[in-house]
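# The following block contains a protein sequence and its predicted model.
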Amino acid sequence: MRNLTRTAIVAILAVALIGAGWIWLASRPPERAEPARIDVTAGTSVRALANRLEEAGVIRSARLFEVWVRASGKAGSIQAGTYDFPAGMSLPGVIEMVLGGRTLLASVTIPEGLRLEQQAGVAARQLGIDSAAFVAAATDSLLADSLGIDAPTLEGYLFPETYLVDPETDARQLVRLMVGEFQRTFGEAWRERAEDLGRSVREIVTLASIVEEEARVREERPVIAGVYWNRLRIGMKLEADPTVQYALGAHRQRVLYRDLEVDSPYNTYLYPGLPPGPIASPGRASLEATLYPDSVPYLFFFATGEGGRHTFSETFAEHNRKRRELNR
(Lines give C-alpha, C1' and ligand atoms only; values in the text may rest on other atoms or scores of the structure.)
Protein backbone atom coordinates (compact mmCIF):
# COMPACT_ATOMS: atom_id res chain seq x y z
CA MET A 1 0.00 0.00 0.00
CA ARG A 2 2.87 2.28 0.91
CA ASN A 3 4.52 1.56 -2.45
CA LEU A 4 1.24 2.35 -4.24
CA THR A 5 0.98 5.70 -2.46
CA ARG A 6 4.58 6.50 -3.30
CA THR A 7 3.92 5.64 -6.97
CA ALA A 8 0.86 7.91 -7.03
CA ILE A 9 2.81 10.77 -5.54
CA VAL A 10 5.57 10.34 -8.09
CA ALA A 11 3.03 10.22 -10.90
CA ILE A 12 1.35 13.39 -9.67
CA LEU A 13 4.69 15.14 -9.36
CA ALA A 14 5.63 14.00 -12.84
CA VAL A 15 2.37 15.34 -14.30
CA ALA A 16 2.85 18.58 -12.40
CA LEU A 17 6.38 18.94 -13.70
CA ILE A 18 5.28 18.15 -17.23
CA GLY A 19 2.44 20.68 -16.91
CA ALA A 20 4.76 23.30 -15.49
CA GLY A 21 7.24 22.61 -18.24
CA TRP A 22 4.54 22.95 -20.88
CA ILE A 23 3.29 26.21 -19.37
CA TRP A 24 6.86 27.53 -19.21
CA LEU A 25 7.50 26.55 -22.82
CA ALA A 26 4.15 27.79 -24.12
CA SER A 27 4.51 31.13 -22.37
CA ARG A 28 7.91 31.82 -23.86
CA PRO A 29 8.15 34.25 -26.82
CA PRO A 30 7.80 32.56 -30.22
CA GLU A 31 10.84 32.54 -32.44
CA ARG A 32 10.01 35.39 -34.80
CA ALA A 33 12.06 38.41 -35.78
CA GLU A 34 9.34 40.76 -37.01
CA PRO A 35 6.67 42.65 -35.01
CA ALA A 36 3.04 41.79 -35.68
CA ARG A 37 0.10 44.17 -36.05
CA ILE A 38 -3.32 42.84 -35.07
CA ASP A 39 -6.65 44.66 -35.41
CA VAL A 40 -9.08 43.74 -32.64
CA THR A 41 -12.68 44.73 -33.25
CA ALA A 42 -15.22 45.35 -30.51
CA GLY A 43 -16.84 42.15 -29.28
CA THR A 44 -13.98 39.85 -30.30
CA SER A 45 -14.07 36.73 -28.11
CA VAL A 46 -11.10 35.49 -26.09
CA ARG A 47 -10.94 32.29 -28.14
CA ALA A 48 -11.07 34.11 -31.49
CA LEU A 49 -8.33 36.49 -30.40
CA ALA A 50 -6.22 33.65 -29.03
CA ASN A 51 -6.41 31.80 -32.35
CA ARG A 52 -5.49 34.93 -34.33
CA LEU A 53 -2.52 35.60 -32.07
CA GLU A 54 -1.27 32.05 -32.46
CA GLU A 55 -1.73 32.12 -36.24
CA ALA A 56 0.21 35.39 -36.42
CA GLY A 57 3.04 33.91 -34.37
CA VAL A 58 2.54 36.32 -31.48
CA ILE A 59 2.02 33.51 -28.96
CA ARG A 60 2.86 29.82 -28.91
CA SER A 61 -0.40 28.49 -27.49
CA ALA A 62 -3.92 29.82 -28.07
CA ARG A 63 -5.18 27.40 -25.45
CA LEU A 64 -2.89 28.70 -22.72
CA PHE A 65 -3.74 32.31 -23.64
CA GLU A 66 -7.46 31.58 -23.31
CA VAL A 67 -7.09 29.70 -20.02
CA TRP A 68 -4.84 32.42 -18.57
CA VAL A 69 -7.19 35.27 -19.55
CA ARG A 70 -10.28 33.49 -18.25
CA ALA A 71 -8.52 32.60 -15.00
CA SER A 72 -7.73 36.28 -14.51
CA GLY A 73 -11.44 37.08 -14.49
CA LYS A 74 -10.93 39.77 -17.13
CA ALA A 75 -12.14 37.96 -20.23
CA GLY A 76 -14.56 40.83 -20.88
CA SER A 77 -11.85 43.47 -20.63
CA ILE A 78 -10.18 42.97 -23.99
CA GLN A 79 -9.89 46.40 -25.58
CA ALA A 80 -10.70 46.96 -29.25
CA GLY A 81 -8.09 48.70 -31.39
CA THR A 82 -4.90 48.10 -33.32
CA TYR A 83 -2.02 46.47 -31.45
CA ASP A 84 1.63 46.36 -32.40
CA PHE A 85 3.20 43.32 -30.75
CA PRO A 86 7.01 43.56 -30.77
CA ALA A 87 9.05 40.47 -31.55
CA GLY A 88 10.11 38.54 -28.46
CA MET A 89 7.13 39.41 -26.25
CA SER A 90 6.23 36.78 -23.67
CA LEU A 91 2.70 35.50 -23.15
CA PRO A 92 2.20 37.48 -19.90
CA GLY A 93 3.29 40.59 -21.78
CA VAL A 94 0.82 39.96 -24.59
CA ILE A 95 -2.00 39.39 -22.10
CA GLU A 96 -1.14 42.55 -20.19
CA MET A 97 -1.15 44.49 -23.46
CA VAL A 98 -4.62 43.42 -24.63
CA LEU A 99 -6.22 43.67 -21.19
CA GLY A 100 -4.64 47.07 -20.61
CA GLY A 101 -5.80 48.41 -23.96
CA ARG A 102 -2.31 49.42 -25.06
CA THR A 103 -3.44 49.93 -28.62
CA LEU A 104 -1.48 51.54 -31.40
CA LEU A 105 -2.79 55.09 -31.59
CA ALA A 106 -3.29 56.90 -34.87
CA SER A 107 -2.37 60.56 -35.24
CA VAL A 108 -4.51 63.16 -36.97
CA THR A 109 -3.45 66.81 -37.24
CA ILE A 110 -6.19 69.36 -37.86
CA PRO A 111 -4.62 72.72 -38.87
CA GLU A 112 -6.01 76.07 -37.77
CA GLY A 113 -8.40 77.99 -39.98
CA LEU A 114 -10.19 75.13 -41.74
CA ARG A 115 -13.91 74.99 -42.43
CA LEU A 116 -15.63 71.84 -41.22
CA GLU A 117 -15.75 70.41 -44.78
CA GLN A 118 -11.98 70.84 -45.01
CA GLN A 119 -11.54 69.23 -41.60
CA ALA A 120 -13.64 66.33 -42.86
CA GLY A 121 -11.17 65.92 -45.73
CA VAL A 122 -8.23 65.81 -43.32
CA ALA A 123 -9.97 63.19 -41.17
CA ALA A 124 -10.67 61.12 -44.28
CA ARG A 125 -7.06 61.27 -45.50
CA GLN A 126 -5.38 60.65 -42.15
CA LEU A 127 -7.85 58.32 -40.41
CA GLY A 128 -9.99 56.92 -43.20
CA ILE A 129 -13.10 58.46 -41.64
CA ASP A 130 -15.95 58.97 -44.08
CA SER A 131 -16.02 62.71 -44.81
CA ALA A 132 -19.79 62.77 -45.33
CA ALA A 133 -20.28 61.16 -41.90
CA PHE A 134 -17.98 63.77 -40.36
CA VAL A 135 -19.94 66.65 -41.92
CA ALA A 136 -23.22 65.02 -40.84
CA ALA A 137 -21.99 64.80 -37.24
CA ALA A 138 -20.65 68.36 -37.27
CA THR A 139 -23.98 69.72 -38.54
CA ASP A 140 -26.15 67.71 -36.15
CA SER A 141 -27.78 70.36 -33.94
CA LEU A 142 -28.81 67.73 -31.37
CA LEU A 143 -25.19 66.59 -31.04
CA ALA A 144 -24.06 70.20 -30.73
CA ASP A 145 -26.59 70.76 -27.95
CA SER A 146 -25.50 67.62 -26.12
CA LEU A 147 -21.92 68.91 -26.20
CA GLY A 148 -22.90 72.24 -24.69
CA ILE A 149 -22.59 74.25 -27.91
CA ASP A 150 -25.39 76.73 -28.47
CA ALA A 151 -25.20 76.74 -32.27
CA PRO A 152 -26.91 75.02 -35.21
CA THR A 153 -23.59 73.47 -36.31
CA LEU A 154 -20.16 72.88 -34.84
CA GLU A 155 -18.41 75.17 -37.33
CA GLY A 156 -15.69 76.95 -35.34
CA TYR A 157 -15.83 74.60 -32.34
CA LEU A 158 -13.88 71.69 -33.85
CA PHE A 159 -10.62 72.62 -32.20
CA PRO A 160 -7.50 72.46 -34.39
CA GLU A 161 -4.96 70.21 -32.73
CA THR A 162 -2.98 67.00 -33.14
CA TYR A 163 -5.03 64.12 -31.75
CA LEU A 164 -3.88 60.60 -30.90
CA VAL A 165 -6.85 58.31 -31.34
CA ASP A 166 -7.72 54.67 -31.73
CA PRO A 167 -7.63 53.81 -35.43
CA GLU A 168 -11.22 52.58 -35.09
CA THR A 169 -12.45 56.03 -34.07
CA ASP A 170 -15.52 57.03 -36.06
CA ALA A 171 -16.76 60.44 -37.21
CA ARG A 172 -18.96 61.21 -34.21
CA GLN A 173 -16.27 60.14 -31.76
CA LEU A 174 -13.71 62.41 -33.41
CA VAL A 175 -16.15 65.32 -33.48
CA ARG A 176 -16.87 64.82 -29.77
CA LEU A 177 -13.14 64.71 -29.03
CA MET A 178 -12.49 67.95 -30.94
CA VAL A 179 -15.34 69.82 -29.28
CA GLY A 180 -14.16 68.55 -25.91
CA GLU A 181 -10.73 70.01 -26.61
CA PHE A 182 -12.37 73.33 -27.49
CA GLN A 183 -14.29 73.30 -24.20
CA ARG A 184 -11.11 72.63 -22.25
CA THR A 185 -9.22 75.37 -24.09
CA PHE A 186 -12.00 77.94 -23.74
CA GLY A 187 -12.05 77.55 -19.99
CA GLU A 188 -13.63 79.55 -17.19
CA ALA A 189 -11.11 82.41 -17.31
CA TRP A 190 -11.76 82.99 -21.01
CA ARG A 191 -15.53 82.78 -20.49
CA GLU A 192 -15.30 85.43 -17.80
CA ARG A 193 -13.20 87.58 -20.13
CA ALA A 194 -15.84 87.25 -22.86
CA GLU A 195 -18.47 88.43 -20.37
CA ASP A 196 -16.26 91.41 -19.46
CA LEU A 197 -16.16 92.30 -23.17
CA GLY A 198 -19.94 92.04 -23.34
CA ARG A 199 -19.78 89.21 -25.85
CA SER A 200 -20.94 85.61 -25.95
CA VAL A 201 -18.58 82.71 -26.51
CA ARG A 202 -20.06 82.32 -29.99
CA GLU A 203 -19.31 85.95 -30.84
CA ILE A 204 -15.73 85.59 -29.64
CA VAL A 205 -15.24 82.41 -31.68
CA THR A 206 -16.78 84.12 -34.72
CA LEU A 207 -14.44 87.11 -34.55
CA ALA A 208 -11.47 84.84 -33.76
CA SER A 209 -12.22 82.81 -36.89
CA ILE A 210 -11.94 85.99 -38.98
CA VAL A 211 -8.67 86.91 -37.24
CA GLU A 212 -7.42 83.38 -37.93
CA GLU A 213 -8.14 83.74 -41.64
CA GLU A 214 -6.61 87.21 -41.92
CA ALA A 215 -3.46 86.82 -39.82
CA ARG A 216 -0.35 85.12 -41.13
CA VAL A 217 2.18 86.42 -38.59
CA ARG A 218 1.61 85.51 -34.95
CA GLU A 219 2.45 88.92 -33.50
CA GLU A 220 -0.04 90.61 -35.81
CA ARG A 221 -3.03 88.67 -34.48
CA PRO A 222 -3.72 90.97 -31.50
CA VAL A 223 -3.30 94.01 -33.77
CA ILE A 224 -5.76 92.70 -36.37
CA ALA A 225 -8.17 91.79 -33.57
CA GLY A 226 -7.78 95.33 -32.23
CA VAL A 227 -8.70 96.78 -35.64
CA TYR A 228 -11.87 94.70 -35.80
CA TRP A 229 -12.84 95.57 -32.24
CA ASN A 230 -12.40 99.26 -33.14
CA ARG A 231 -14.70 98.86 -36.13
CA LEU A 232 -17.34 97.03 -34.09
CA ARG A 233 -17.15 99.70 -31.41
CA ILE A 234 -18.04 102.54 -33.81
CA GLY A 235 -20.52 100.54 -35.90
CA MET A 236 -18.25 100.33 -38.94
CA LYS A 237 -18.55 97.33 -41.27
CA LEU A 238 -15.80 94.75 -40.80
CA GLU A 239 -15.27 94.37 -44.57
CA ALA A 240 -13.30 91.16 -44.08
CA ASP A 241 -12.46 89.28 -47.28
CA PRO A 242 -12.53 85.84 -45.61
CA THR A 243 -16.21 86.29 -44.78
CA VAL A 244 -16.94 86.90 -48.45
CA GLN A 245 -15.03 83.75 -49.37
CA TYR A 246 -17.10 81.83 -46.83
CA ALA A 247 -20.28 83.26 -48.33
CA LEU A 248 -19.09 82.17 -51.78
CA GLY A 249 -18.33 78.68 -50.45
CA ALA A 250 -14.77 78.60 -51.77
CA HIS A 251 -11.36 80.09 -51.10
CA ARG A 252 -10.00 82.46 -53.72
CA GLN A 253 -6.57 83.99 -54.02
CA ARG A 254 -8.17 87.37 -54.66
CA VAL A 255 -11.63 88.62 -53.82
CA LEU A 256 -12.97 90.56 -56.81
CA TYR A 257 -15.22 93.61 -56.63
CA ARG A 258 -18.13 91.63 -58.02
CA ASP A 259 -17.66 89.08 -55.22
CA LEU A 260 -18.38 91.79 -52.67
CA GLU A 261 -21.98 91.92 -53.86
CA VAL A 262 -22.86 88.35 -52.87
CA ASP A 263 -26.03 88.61 -50.79
CA SER A 264 -25.24 86.66 -47.66
CA PRO A 265 -25.37 87.53 -43.95
CA TYR A 266 -21.74 86.37 -43.91
CA ASN A 267 -20.75 89.15 -46.32
CA THR A 268 -19.36 91.77 -43.95
CA TYR A 269 -19.04 94.24 -46.83
CA LEU A 270 -22.83 94.36 -47.05
CA TYR A 271 -23.92 93.74 -43.47
CA PRO A 272 -22.58 95.48 -40.33
CA GLY A 273 -21.50 93.67 -37.20
CA LEU A 274 -20.38 90.10 -36.87
CA PRO A 275 -21.56 87.39 -39.27
CA PRO A 276 -24.05 84.81 -37.92
CA GLY A 277 -21.31 82.42 -36.83
CA PRO A 278 -17.69 81.32 -37.24
CA ILE A 279 -16.27 80.93 -40.74
CA ALA A 280 -13.56 78.44 -39.66
CA SER A 281 -12.06 76.89 -36.55
CA PRO A 282 -9.67 79.34 -34.88
CA GLY A 283 -6.65 78.13 -32.98
CA ARG A 284 -5.55 79.07 -29.48
CA ALA A 285 -3.49 82.08 -30.61
CA SER A 286 -6.38 83.68 -32.51
CA LEU A 287 -8.83 83.07 -29.67
CA GLU A 288 -6.44 84.63 -27.19
CA ALA A 289 -5.73 87.58 -29.50
CA THR A 290 -9.47 88.20 -29.84
CA LEU A 291 -10.04 88.08 -26.10
CA TYR A 292 -6.97 90.21 -25.35
CA PRO A 293 -6.48 92.48 -28.39
CA ASP A 294 -3.85 95.17 -28.63
CA SER A 295 -5.10 98.68 -27.94
CA VAL A 296 -4.41 100.28 -31.33
CA PRO A 297 -5.71 103.37 -33.11
CA TYR A 298 -6.05 101.60 -36.47
CA LEU A 299 -9.19 101.08 -38.52
CA PHE A 300 -7.63 99.81 -41.75
CA PHE A 301 -5.03 97.27 -42.87
CA PHE A 302 -3.99 95.36 -45.96
CA ALA A 303 -1.46 92.67 -46.83
CA THR A 304 1.89 93.92 -48.10
CA GLY A 305 2.85 90.63 -49.74
CA GLU A 306 5.99 90.42 -47.61
CA GLY A 307 6.00 87.26 -45.53
CA GLY A 308 2.29 87.47 -44.79
CA ARG A 309 2.62 90.84 -43.09
CA HIS A 310 0.15 93.74 -43.11
CA THR A 311 0.39 97.48 -42.91
CA PHE A 312 -2.01 99.38 -40.64
CA SER A 313 -3.57 102.83 -40.90
CA GLU A 314 -5.72 105.11 -38.77
CA THR A 315 -7.55 106.85 -41.61
CA PHE A 316 -8.88 105.89 -45.02
CA ALA A 317 -6.71 108.57 -46.64
CA GLU A 318 -3.58 107.07 -45.06
CA HIS A 319 -4.76 103.61 -46.09
CA ASN A 320 -5.12 104.65 -49.74
CA ARG A 321 -1.80 106.49 -49.74
CA LYS A 322 0.02 103.36 -48.53
CA ARG A 323 -1.70 101.32 -51.24
CA ARG A 324 -0.56 103.72 -53.93
CA GLU A 325 2.99 103.64 -52.58
CA LEU A 326 2.98 99.83 -52.56
CA ASN A 327 1.67 99.69 -56.13
CA ARG A 328 4.41 102.04 -57.29
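Thanks, I have it.

# going forward, measure contacts between C-alpha atoms and count neighbours the same way
Will do.

# Residue 129 and residue 172: what is the separation?
10 Å (Cα to Cα, to the nearest Å).

# Checking the closest residue to residue 115 other than its chain neighbours next. Helix, strand or coil?
Nearest residue to residue 115 in three dimensions, chain neighbours excluded: residue 280, at 4.4 Å (Cα to Cα, 6 or more residues apart in numbering). Look at residue 280: counting by DSSP: H, G, I helix; E, B strand; the rest coil, its state is coil.

# What's the local residue count around residue 280?
The tally of other residues near residue 280 (other Cα atoms under 10 Å) stands at 30.

# Also residue 65?
Residue 65: 25 surrounding residues under other Cα under 10 Å.

# quick one: contacts for it?
Applying Cα atoms under 8 Å, 6 or more residues apart in numbering to residue 65 gives the contacts 50, 59, 91, 95.

# Residue 59 is in contact with the third one, correct?
Think residue 91. Yes - with contact defined as Cα atoms under 8 Å, residue 91 reaches residue 59; the gap is 6.2 Å.

# So between these two, which is more surrounded?
The neighbour count for residue 91 versus residue 59, taken as other Cα under 10 Å, is higher for residue 59 (27 against 22).

# Torsion angles phi and psi at that one?
The phi/psi pair for residue 59 (degrees, to the nearest 10) reads phi -130, psi 160.

# isn't it right up against residue 53?
Yes - assessed by Cα under 8 Å, residue 59 is found in contact with residue 53 at 5.9 Å.

# What about residue 109? Give its phi and psi, please.
For residue 109, the backbone dihedrals are phi -110, psi 120 (criterion: degrees, to the nearest 10).

# Not counting sequence-adjacent ones, nearest residue to it?
Among residues not flanking residue 109 along the chain, residue 162 sits closest, at 4.1 Å (Cα to Cα, 6+ apart).

# burial measure for that neighbour, as a count.
For residue 162, the neighbour count with other Cα under 10 Å is 12.

# For the remainder of this discussion, apply numbering that starts at 23.
Happy to do that; since the first residue is 23 now, the last one works out to residue 184.

# Please name the residues that touch it.
129-132.

# quick one: which of those has the most company?
When neighbours are counted by other Cα under 10 Å, residue 132 leads those with 22 neighbours.

# residue boundaries of the helices in the stretch 123-272 of the chain?
138-149, 153-160, 163-168, 193-207, 210-218, 223-236, 243-256, 263-270 (DSSP state H, counting those that start in this stretch).

# who's in contact with stretch 115-128?
The contact list for stretch 115-128, computed with Cα under 8 Å, 6+ apart, reads 80-81, 87, 91, 96, 99-107, 149, 186-189.

# Filter the residues you listed down to the buried ones, ChimeraX style.
Selection of the buried residues among those in ChimeraX, burial being defined by 16 or more other Cα atoms under 10 Å:
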select :80,81,87,91,100,101,102,103,104,105,107,149,187,188,189
